[in-house]
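J.: 3D model of this:
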Amino acid sequence: MKMEEYKGMQACILENEKLEVRIHPGLGGKVASLVFKPAGFEAAAQTNWEHRRPMEEEPRFSDFDSSGLDEVFPTINECSLDGQDAGFYYPDHGEVWSTAMDCEEEEGALKMSFESPKNPYRYEKKLQLKDSSLRWQFRITNTGDRAFPCLFALHGLMRYEPDMRLLYPSSVKEFLNVYTSPELGEDGTVFQVEDGTTGHAGSLRYDFRQVPPPEPMTRIKYYVNGPIQKGVCGYEYPSQGVRCILRFPADKLPYLGFWLTAGRYRGEYNCAWEPSSGFYDSTEIASKNGTLTRLQPGETVIYDLSLSFSMI
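T.: Next up is the predicted model:
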């Protein structure tokens, strides 16, 4: 396994003729760099932070570097549960991002794993390259003796460019705004999509194929309103000549969110399509919405995702 220091931490390197990927096992298997070689294009969102291994007993996500592609489990937002799920507490952005994983190479793939000391699950992930695609497989097993409530979402922060275009299934008819902003109005506003691009909520209109400009600074988050039928979305970068297509299992990850900060969060610029197992953002909200996954004792769930690159 090829390794080198990258941003102050040891990184494992996966590489072929099309892609060069640097992965930090010490930060939950974060994809810290993802370069599409034909275009010399760094796709993973970057910051000026040096990666730091969170050493606190309960590290806060907002205190550490948030670049690159990782995943959130067993929640996005911090929450605690009651009722049939009483006794479970999950920190902001879950546990995976701050956990050092055991890793090994197997037939050209990088395999990583850990067992949570606080909650009853074993978490395994495998990353490998095939031509111009990065492929992930996630395996999560309930190791306890009661149902384990959880939410999984890809947290793949991608490069922001002002002229980039967003790709999503043409069958999408509504978006739900989940963060109050000048662009999308109040939290809870539902936009009807007219022509596969522009949505309207009363007099408020928004082009969901575009991203906000770098000025004035903004931050937005919205979801496809309800489960999707086709697990495909992506990004186009016209000035870079690059297209990125994300594929995921819509039957297991049926809820699709989109996050973007254009300077509004810590001065950072990044965005991410976030396929998720629950609707939306926390196990607590997903429970109230009737979309929460509850892994039964001994049950394993598997998620296969891929990010593919091509020239436009």
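J.: ok, residue 217 touching residue 264?
T.: Yes - counting by C-beta atoms under 8 Å, residue 217 does reach residue 264; the two are 4.5 Å apart. Just so you know, the C-beta spots here come from the backbone N, C-alpha and C atoms, and that holds for glycine as well.
J.: Can you check which strand is longest in this protein?
T.: Among the segments of the chain that qualify as a strand by DSSP state E, the longest is strand 300-311.
J.: Any buried residues in it, and which?
T.: Buried positions in strand 300-311, judged by neighbour count with 16 or more other C-beta atoms under 10 Å: 301, 303, 304, 305, 307, 308, 309.
J.: Need the contact partners of that strand.
T.: For strand 300-311, contacts defined as C-beta atoms under 8 Å, 6 or more residues apart in numbering pick out 18-19, 34, 36, 38-39, 41, 43, 69, 132-142, 152, 154, 156, 241-249, 252-253, 275, 293, 295.
J.: which among these end up buried?
T.: 18-19, 34, 36, 39, 41, 43, 69, 132-142, 152, 154, 156, 242-248, 253, 275, 293, 295.
J.: so what's the closest residue to residue 41 other than its chain neighbours up against?
T.: Spatial nearest neighbour of residue 41, chain neighbours left out: residue 242 (5.0 Å); criterion: C-beta to C-beta, 6 or more residues apart in numbering. For residue 242, the contact set (C-beta under 8 Å, 6+ apart) comprises 36, 39, 41, 43, 236, 309, 310, 311, 312.
J.: again, 10 Å this time
T.: 36, 38-41, 43, 159, 161, 164, 235-236, 309-312 (C-beta atoms under 10 Å, 6 or more residues apart in numbering).
J.: residues near the nearest residue to residue 11 once chain neighbours are set aside, how many?
T.: In this structure, residue 11 finds its nearest non-sequential neighbour in residue 22, 4.3 Å apart by C-beta to C-beta, 6+ apart. Other residues within reach of residue 22, judged by other C-beta atoms under 10 Å, total 23.
J.: what does residue 30 give?
T.: 26.
J.: and the closest residue to residue 83 other than its chain neighbours, which of the three is it?
T.: Residue nearest to residue 83 in three dimensions, not counting chain neighbours: residue 287, with 7.8 Å by C-beta to C-beta, 6+ apart. With DSSP: H, G, I helix; E, B strand; the rest coil as the basis, residue 287 sits in helix.
J.: Tell me the spacing between residue 287 and residue 84.
T.: For residue 287, the distance to residue 84 equals 9 Å [C-beta to C-beta, to the nearest Å].
J.: Compare neighbour counts for the two and give me the winner.
T.: Using other C-beta under 10 Å as the criterion, residue 287 and residue 84 rank with residue 287 on top: 21 against 10.
J.: residues shared between the contacts of residue 287 and residue 84?
T.: Shared contacts of residue 287 and residue 84, defined by C-beta under 10 Å, 6+ apart, comprise 149, 294.
J.: from the middle of its chain, how far away would stretch 73-91 be?
T.: The chain centre lies 19 Å from the centre of stretch 73-91; the measure is C-alpha atoms, centre = their mean, to the nearest Å.
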